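[1] With the sequence up front, the predicted model follows.
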Amino acid sequence: MPKNFERKLFDLIENTSRGHRQGDFTQGLAQNLQRELGAALELVSTAVFQPDGTRYERIYSSDEAPWVGLEPNLSLRTWQRRLDGNLWWIQRGLRREGPEGPAWYDLLLIPVGPKQQRVLGLLTRSLAGIEGEEREAAFQVMGRLVRLFVDRHHQQQRLREILSLAREQQLSLLQTALPQAPGYEIAGFSIPAEEVGGDYFQVLPIGPSNTAFVVADAKGKGFEAAVLITGVHTALRVVSETHFKVTYKVGLLNRSLVQPGEIRNLVTMFYSELDATGRIIYTNCSHPAPLLVRAQEVEELTAGGVFLGLAPETQYPLGVCEMRSGDLLVAYTDGWSELFNESGEEFGPERIRETVRGLHGAQPRQAIDAIQAACETFRGSAPYHDDRTLLVARKI
């Protein structure tokens, strides 16, 4: 066998898996094995078989001639019984008449995909003798690597399906049409950095003249953060229907996330209740400070406690402020402030503050567009690495 054969075989299978769609992987592998390792493995021909009725039919071969008069028993039941749960199976002692007399071959069958939807056939010169044993060991390595890549492919495919369902679920949590908030105009925007993410916002009526205005961020990214946010959504819906005070509601949310002996379910949240007159009661749970944009100044809303989910006894002090006509309340997640440009410079909360400073009286959508535009200009070609959410309220 060539030096570093296992490494070369691994690279060949990996490159094939990257360059071919699922349905073409087996044929691509058959072609590449014949071309790049055919001499070392003494491959006479490679082929691909697939079920067709009660038989396996050969749908591809690198060379037609060696298979003439040499087709093995192609019974569907026989092959599936031999291959089920196995990395491979060898049909030994296949004889083919040639101009120089009879020649002996072995056929290796390697299942590719669940339920043997494809079978890779490797027709090689007889594996008898010491030299044949060395090649057989190489084929065993091949069988394991093919199974590894196939299993990984199907795990990734299943994960994509799960993430797709999770994305649909998460998008269903984010309100596409925000409810009426007496005394306010509100707009929201959220986009995950991956298939799913941990950002969340919600606008909930909690009485004839009060509205809950909530932005949250589960620490971490991807599927685990999305699952956590689903739990936050459920708990928030429950507590919002109670008549408890803000501090007690947030305390219930916190205790719903605490797991004894673990610090995993950490969530930052800005929870506030807006009444129609402009009064805001809020608490900030380690969340980036929302900005209250007034005509002459920009105020940060910082009163509150630490992360939700850190400790059951955490207290969440209240902050109270008043919004006047034209004032904006801008809440965001750290995907905006912790954005980096090509030079490694952070956008930072101060740039967000400067972006909204002159927007008193603007529509909420205008504020969202202004922050997006500022971040796009700042980052250049640098990618976004975190989920990004904005929720903006304007006092009418």
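    Perfect, I can see it now.
[2] Give me the buried positions along stretch 299-311.
    301, 304-310 (16 or more other Cβ atoms under 10 Å). Yep, even glycine has a C-beta here, placed from its N, CA and C like the rest.
[3] Out of the residues you listed, which comes closest to Leu94?
    Gly309 (64.3 Å; Cβ to Cβ).
[4] pLDDT score assigned to that closest one?
    With respect to pLDDT, Gly309 has a value of 90.
[5] cool, and Val203?
    96.
[6] With Gln155 instead?
    In this model, Gln155 carries a pLDDT of 60.
[7] Then the one 4 residues further on?
    If you check Leu159, the pLDDT there is 52.
[8] just Tyr384 next, same as before
    The per-residue pLDDT reported for Tyr384 equals 88.
[9] Contact partners for it?
    193, 335, 339 (Cβ atoms under 8 Å, 6 or more residues apart in numbering).
[10] would the second one count as being in a helix?
    Yes: when classified by DSSP: H, G, I helix; E, B strand; the rest coil, Gly335 is found to be part of a helix.
[11] That one contacts Arg379, correct?
    No: the criterion here is Cβ atoms under 8 Å, and Gly335 misses it with Arg379 at 11.5 Å.
[12] Mind checking which of those two has more residues around it?
    Gly335 (26 against 16; other Cβ atoms under 10 Å).
[13] who's in contact with the more buried one?
    193, 199, 384-389.
[14] So which of the contacts of Tyr384 sits lowest on pLDDT?
    Ala193 (75).
[15] quick one, what contacts that one?
    Ala193 touches 221, 335, 384-388, counting by Cβ under 8 Å, 6+ apart.
[16] any idea how far Ile368 is from it?
    18 Å (Cβ to Cβ, to the nearest Å).
[17] Okay, strands next: where are they in the stretch 251-396 of the chain?
    With strands called from DSSP state E, counting those that start in this stretch, the stretch 251-396 of the chain shows them at 267-275, 279-285, 291-293, 298-300, 304-305, 319-322, 328-332, 388-395.
[18] which stretch among those strands comes nearest Cys375?
    strand 388-395 (8.1 Å).
[19] so how far is Arg365 from Glu185?
    The value you get for Glu185 to Arg365, if Cβ to Cβ is used, is 9 Å.
[20] Looking at this protein, which strand is longest?
    Secondary structure assigned by DSSP state E gives strand 101-112 as the longest strand of the chain.
[21] counting contacts, what elements does it pack onto?
    helix 22-41, helix 76-83, strand 89-98, strand 118-125, helix 129-173 (3 or more Cβ pairs under 8 Å, 6 or more residues apart in numbering; DSSP states H and E).
[22] Can I get it as PDB, trimmed to CA atoms?
    The C-alpha atoms that make up strand 101-112 are tabulated as PDB, following Å, rounded to 0.1, in the frame of the first residue of the first chain:
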ATOM      1  CA  GLY A 101      -7.100 -18.300 -19.400                       C
ATOM      2  CA  PRO A 102      -9.300 -17.900 -16.300                       C
ATOM      3  CA  ALA A 103      -8.800 -15.000 -13.900                       C
ATOM      4  CA  TRP A 104     -10.100 -14.800 -10.300                       C
ATOM      5  CA  TYR A 105     -11.700 -11.800  -8.800                       C
ATOM      6  CA  ASP A 106     -13.400 -10.800  -5.500                       C
ATOM      7  CA  LEU A 107     -16.300  -8.400  -5.300                       C
ATOM      8  CA  LEU A 108     -16.600  -6.100  -2.300                       C
ATOM      9  CA  LEU A 109     -20.000  -4.600  -1.600                       C
ATOM     10  CA  ILE A 110     -20.100  -1.500   0.600                       C
ATOM     11  CA  PRO A 111     -23.600  -0.100   1.600                       C
ATOM     12  CA  VAL A 112     -24.000   3.600   1.200                       C
END
